[in-house]
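J.: How does the following fold in three dimensions:
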Amino acid sequence: MQIGGTSSLLTLKTKNKKTLYSNYSFVFFVILSITLITFDVKNIVNPSIVRTNIINSIFFTKDFFSFNLPNLDKLKLSFISKEELILENKYLKETINQNNLFKLKSKKLEIENNILRKELSLMPPQLENYVLVKVIADTQTRYNKTIIINAGRNLDIRKGDAALTSKGLIGSVFEVYEKYSRVLLISDINSKIPVRVGENNIKAIISGNNTTKIDLLYLKENLSFNDNDLVYTSGDGGYFNPGIPVGVIKKENNNVYINPLNDLSQVQYINIFINQFKNF
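T.: Predicted coordinates for the structure are as follows:
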């Protein structure tokens, strides 16, 4: 009850104040009117001039406030628009980030697809089995040249299987586990492969030396080679199938070496020929 009474009292006081202001305003305008009529009757002031000045003042005041004071509706709409712009900007930034991520994934897939297309251009004979695998770790060091692939016994890969790309031989499988294998590259010092050289089919053995240059060993005397003579597997001793390209002959200061057809530091996808070795 006390709260209700207090509220009624406040309402009554507010009404009384409004009534008082209205009465004062009425008295003010009555006095102003009488004054203006008196001025008009006595010709103290030209009424047309007063009227003109009053009208001009009213319109000037109206225009001033119309053009200089902010429109509350527009101001409110401006705040709403800014909030919407902030939200939209945030959404667009998130969309751009997602699009950039999709673009990166798309580019990655495009590169992998191009590599796969290139590797699949090597079409092995129909009777030969092969598995296309990915290099998951490059374990090459100064003292050994090996890589790890993402396939093993789960895909029937065995020790001694040949590893190659569309360009030619890169090495052979020498360790096999359940789901991955280790490949010994032809540049490793422990790699020894029977080959033939050039159109004359000169027999030789190539050996890695842990560099990018492959040594050519066990050659007969008085043999001559030409630059860019092709070196390919001979198949002797059951090592690999014959005719797999390995590299080309290069001469340097009267020394002959093999330049591999593959950049062994950049290999990503390779083909593993299944059961190509008779012994190892």
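J.: Can you tell me the closest non-neighbouring residue to Gly168?
T.: Pro245 (3.5 Å; CB to CB, 6 or more residues apart in numbering). Where you see a C-beta, it was placed from the backbone N, CA and C, and this is true even at glycine.
J.: what pairs with that neighbour across the strands?
T.: Tyr232 (DSSP bridges).
J.: what's it in contact with, if anything?
T.: Taking CB atoms under 8 Å, 6 or more residues apart in numbering, we find Pro245 in contact with 167-169, 230-232, 261.
J.: And these, which is closest to Asn222?
T.: Proximity of those to Asn222 (CB to CB) peaks at Val231, which lies at 19.2 Å.
J.: give me the number of residues near the closest one?
T.: Close neighbours of Val231, defined as other CB atoms under 10 Å, add up to 27.
J.: Please enumerate the strands of the chain.
T.: 130-138, 146-149, 162-164, 169-176, 181-185, 192-197, 202-207, 214-217, 230-233, 245-252, 255-260, 269-273 (DSSP state E).
J.: most tightly surrounded among those strands?
T.: Per residue and on average, the most neighbours among the strands of the chain fall to strand 162-164, with a mean of 27 (mean count of other CB atoms under 10 Å).
J.: That one - contacts with which helices or strands?
T.: Under the contact definition 3 or more CB pairs under 8 Å, 6 or more residues apart in numbering; DSSP states H and E, strand 162-164 sits against strand 169-176, strand 269-273.
J.: relative to strand 269-273, how tilted is the longest one?
T.: So the one you mean is strand 169-176. Interaxial angle of strand 169-176 relative to strand 269-273 (axes from the mean of the first three to the mean of the last three CA atoms, to 10 degrees): 70 degrees.
J.: Parallel or antiparallel, which strands does strand 169-176 pair with?
T.: strand 162-164 (antiparallel), strand 181-185 (antiparallel).
J.: For the first one, which outside residues touch it?
T.: Contacts of strand 162-164 from elsewhere in the structure, counted by CB under 8 Å, 6+ apart, are 122, 149, 169-173, 183, 240-241, 244, 270-273, 276-277.
J.: any low-confidence regions in the stretch 51-200 of the chain?
T.: Confidence mapping of the stretch 51-200 of the chain against pLDDT under 70 gives the ranges 51-81, 97, 100-101, 104-105, 107-108, 111-112, 115, 118-128.
J.: residue ranges for the helices of it, please.
T.: For the stretch 51-200 of the chain, applying DSSP state H, counting those that start in this stretch gives helices covering 72-120.
J.: excluding its backbone neighbours, what's nearest Phe273?
T.: Of all residues not flanking Phe273 in the chain, Ala162 sits nearest, at 4.4 Å (CB to CB, 6+ apart).
J.: Let me fix that, I meant to ask about Tyr257.
T.: Sequence neighbours aside, Lys213 is the residue nearest to Tyr257 in space, at 4.4 Å (criterion: CB to CB, 6+ apart).
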